[in-house]
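Enquirer: Output the structure for:
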Amino acid sequence: MPLLLFFLLIVILFPALLIPVGSLIMLLILFIPFKFTLDSLITLITAPEQIIKIAVNPKLRRNHALEHATINVLEESYGHQHLSGLAKENGFLIQGAINPIVLQQAAEEGLHRLKAGETDLVIHDRCGTSLMMGNLISALIFFGLLLSTGNFTIIYVLIAVIFSRLLGPTIGKYAQKLLTTSPDVEGMVIDGIRSETNFNNFFGINIRNQPQKLFVKTERLEVY
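Expert: Numbering: from 1, shown residues only. Now for the predicted structure:
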């Protein structure tokens with residue numbers, strides 16, 4: 001919207017630019033289906049591989065579940081915190097402004113509640129799985145229309161985007177629950193938190209060159 005207002009302002013102030021500005025806008029609109037086709041093709045190739053990679057790794061799925069539970073617990077108490085997470089086999093990374101002590105308390109509470117049966121905590125609305133599923137649905141619909149009709153039009157882009165926005169969040173939650181997380185955290189413990197934030201040394205002063213990163217290390221004790 002700000003870009004459109006900018007173009008309108010240019011045209012009002014400089015009417016002679018109407019034709020070149022209009023031509024540029026038309027060119028951008030014509031370019032959209034080509035860009036969308038390329039993005040959709042990349043999604044069709046990469047998204048299934050990424051989801052399968054997590055789905056067949058129980059450690060990754062458990063830590064992904066605990067990562068979501070931790071962020072859900074934090075957001076219950078403090079609202080949206082602009083945090084992002086990344087699950088690994090031995091824990092999970094949280095990026096954003098968060099006190100390490102508060103993060104550890106949230107991770108402990110999330111783990112306790114998962115063990116108590118609150119399996120809905122493994123779902124998070126802004127998970128990358130949901131975004132990936134939305135993109136995958138969009139790509140499937142677009143190529144389905146393209147191949148079935150043989151027509152290449154921006155209308156198919158709009159249809160694919162609308163349906164992905166409608167279906168993506170729901171299907172994404174099912175994908176999280178069935179494929180990319182696991183509430184089977186029996187025996188799991190929090191083994192500590194460490195900083196993984198990088199700093200640059202500038203004349204003897206350490207300056208952070210990226211958002212804060214904290215890694216929550218987990219272990220799974222054998223249960224006999």
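Enquirer: Spatially central, which residue of the protein would that be?
Expert: Nearest to the mean C-alpha position of the chain, counting by C-alpha atoms, centre = their mean, stands G128 at 2.7 Å.
Enquirer: What pLDDT is listed against that one?
Expert: Per-residue confidence for G128 comes out at a pLDDT of 90.
Enquirer: Find the nearest non-adjacent residue to D184, please.
Expert: Among residues not flanking D184 along the chain, R62 sits closest, at 6.4 Å (C-beta to C-beta, 6 or more residues apart in numbering). Bear in mind the C-beta positions are built from the backbone N, C-alpha and C, glycine included.
Enquirer: OK, contacts around the closest residue to A97 other than its chain neighbours?
Expert: Spatial nearest neighbour of A97, excluding adjacent residues (C-beta to C-beta, 6+ apart): Q212 at 6.1 Å. Contacts for Q212 (C-beta atoms under 8 Å, 6 or more residues apart in numbering) come out as 95-98, 195, 197.
Enquirer: swap in S77?
Expert: A106.
Enquirer: Looks to me like it is in a strand.
Expert: No: S77: not assigned to a strand; according to DSSP: H, G, I helix; E, B strand; the rest coil it is helix.
Enquirer: Next one: it relative to I98, how far apart?
Expert: The gap separating S77 from I98 is 12 Å, by C-beta to C-beta, to the nearest Å.
Enquirer: same thing with R194?
Expert: 14 Å.
Enquirer: Same drill for those two, tell me which one is more crowded.
Expert: I98 (19 against 13; other C-beta atoms under 10 Å).
Enquirer: wait, isn't the more buried one in contact with Q81?
Expert: Yes: the pair I98 / Q81 is scored as a contact, 6.6 Å apart, by C-beta atoms under 8 Å.
Enquirer: Mutual contacts of the two, please.
Expert: By C-beta under 8 Å, 6+ apart, I98 and Q81 have these common neighbours: L74.
Enquirer: sec struct for A87, please.
Expert: Assignment for A87 (three-state DSSP): strand.
Enquirer: Quick one: neighbours of M26, just the number.
Expert: 10.
Enquirer: Please apply the same query to L27.
Expert: Residues contacting L27 under the criterion other C-beta under 10 Å number 9.
Enquirer: what does L147 give?
Expert: Neighbours of L147 using other C-beta under 10 Å come to 8.
Enquirer: rewinding a little: how close does the residue nearest to D184 sit to S148?
Expert: Distance, R62 to S148, using C-beta to C-beta: 41 Å.
Enquirer: give me the beta-bridge partners of the closest residue to R194 other than its chain neighbours?
Expert: Using C-beta to C-beta, 6+ apart and skipping the chain neighbours, the partner closest in space to R194 is F215 (5.3 Å). F215 has the following beta-bridge partners by DSSP bridges: L93, R194.
Enquirer: what residues are shared contacts of R194 and I98?
Expert: L214.
Enquirer: does the closest residue to T119 other than its chain neighbours sit in a helix, a strand or a coil?
Expert: Ranked by C-beta to C-beta, 6+ apart and with sequence neighbours excluded, the top spatial neighbour of T119 is P183, at 4.2 Å. Reduced to three states with three-state DSSP, the structure at P183 is coil.
Enquirer: next one: the longest helix belonging to the chain to chain centre, how far?
Expert: Longest helix in the chain, counting residues (DSSP state H): helix 18-55. Helix 18-55 sits 18 Å away from the centroid of its parent chain (C-alpha atoms, centre = their mean, to the nearest Å).
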